[in-house]
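Undergrad: Fold the following for me, if possible:
(one chain, ligands or ions: 1)
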Amino acid sequence: MRIDIVTIFPEFFDVLDLSLLGKARQSGLIELGVHNLRDHTHDRHRTVDDTPYGGGAGMVMKPEPWGDALDSILGDAPAADEGPTIIFPSPAGEQFTQATARELAEESHLVFGCGRYEGIDQRVVDHYATRGRVRLISLGDYVLNGGEVAVMAMIEAVGRLIPGVVGNPQSLVEESHEDGLLEYPSYTKPNEWRGLSVPPVLLSGNHAAIAAWRHEQQLERTRLVRPDLLAEPVESPAP
Ligand SMILES: CC(C)N1CCN(Cc2ccc(Cn3ccc4ccc(-c5n[nH]c(N)c5C#N)cc43)cc2)CC1
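TA: Numbers count the residues shown, from 1 in each chain. Predicted structure coming up:
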């Protein structure tokens, strides 16, 4: 998979040289390009923002630098069905979930556009929707100052699903949200720690009993913490 990121804070992504994603880049499983939006300005002050039409607080990111930067990545990409998926993190976006991560992990080329200020001129989204699959994606219902933190989280969630990135693929199966439930609690040595011991079933060697206990723990945790994950989807009434 190739991943390109456009941002005014390229150094923010230096951390992607580390850990599993760093190894994935060294092994060629993931190719990463980080592009400084300011390199796509043409004025002395490398201006990327301006005041909003219609008034209002804050500044809006100008379309020209974005056009220059995204064109340099897309080249003469063919029509939408073959181009990359272009993702703009946004408070107004669809919710990023494990299902979103799984979808994006199937793509061969992802382009992330990190906005700042009050966001990016809408025409950037509208224009590139004619040249690639564009998605506005939100990390969650809270306000960040820009898209970089969201892109970091999305890259980590997507990257770990790419075959070969995580050493033991089995560990991807038994984790929260993979089966729609929260994960079961985990324990390791020592058997006794500060008066707390490991649930005896985990020491029993009875794999069926262990699996049943773990599933029950998942259900109990999910009922307590995320009952919404258990709710049956409500069928909308027939028209
Ligand atoms: C009335 C008028 C003054 N209001 C002004 C604030 N508006 C909302 C608003 C708030 C903050 C930002 C800062 N920002 C810039 C680019 C950008 C990308 C993602 C996110 C982001 N926030 N939360 C998430 N889950 C995100 C994701 N993914 C935030 C971003 C941009 C926009 C609402 C309108």
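Undergrad: What separation is there between residue 7 and residue 223?
TA: 40 Å (C-beta to C-beta, to the nearest Å). For every residue, glycine as well, the C-beta is placed using N, CA and C.
Undergrad: give me the beta-bridge partners of residue 120?
TA: Here residue 120 sits in beta bridges with residue 61, going by DSSP bridges.
Undergrad: most residues in a single strand of the protein, which one?
TA: strand 85-95 (DSSP state E).
Undergrad: For the ligand, tell me whether whichever helix or strand comes after that one is touching it.
TA: The C-terminal neighbour of strand 85-95 among helices and strands, as given by DSSP states H and E, is helix 98-105. No. Helix 98-105 lies apart from the ligand when judged by C-beta under 6 Å from any ligand atom; the minimum separation is 11.4 Å.
Undergrad: what residues does helix 98-105 touch?
TA: With C-beta atoms under 8 Å, 6 or more residues apart in numbering as the contact definition, helix 98-105 has outside contacts at 1, 85, 87, 94, 110, 137, 154, 157-159, 161-162, 176-178.
Undergrad: Which helix or strand in the protein has the lowest average pLDDT?
TA: Least confident element among the helices and strands of the chain, by mean pLDDT, DSSP states H and E: helix 170-173 (a mean of 68).
Undergrad: which is the next helix or strand following that one?
TA: Sequence-wise, the next helix or strand downstream of helix 170-173 (DSSP H and E) is strand 192-193.
Undergrad: in its sheet, what does that following strand sit against?
TA: Take DSSP bridges as the rule and strand 192-193 pairs in its sheet with strand 196-197 (antiparallel).
Undergrad: Got the confidence number for the most far-flung residue of the chain relative to its centre?
TA: Relative to the mean C-alpha coordinate of the chain, counting by C-alpha atoms, centre = their mean, the farthest residue is residue 195 (39.3 Å). At residue 195, the model reports a pLDDT of 98.
Undergrad: picking that back up, what is the most widely separated pair among the contacts of helix 98-105?
TA: By the measure C-beta to C-beta, 85 and 176 form the most distant pair in the contacts of helix 98-105, at 24.5 Å.
Undergrad: sorry, back to before: neighbouring strands - and their directions - for the longest strand of the chain?
TA: Here, using DSSP bridges, strand 85-95 pairs with strand 109-113 (parallel), strand 133-138 (parallel).
Undergrad: Which positions in that strand come out as buried?
TA: 85-91, 93 (16 or more other C-beta atoms under 10 Å).
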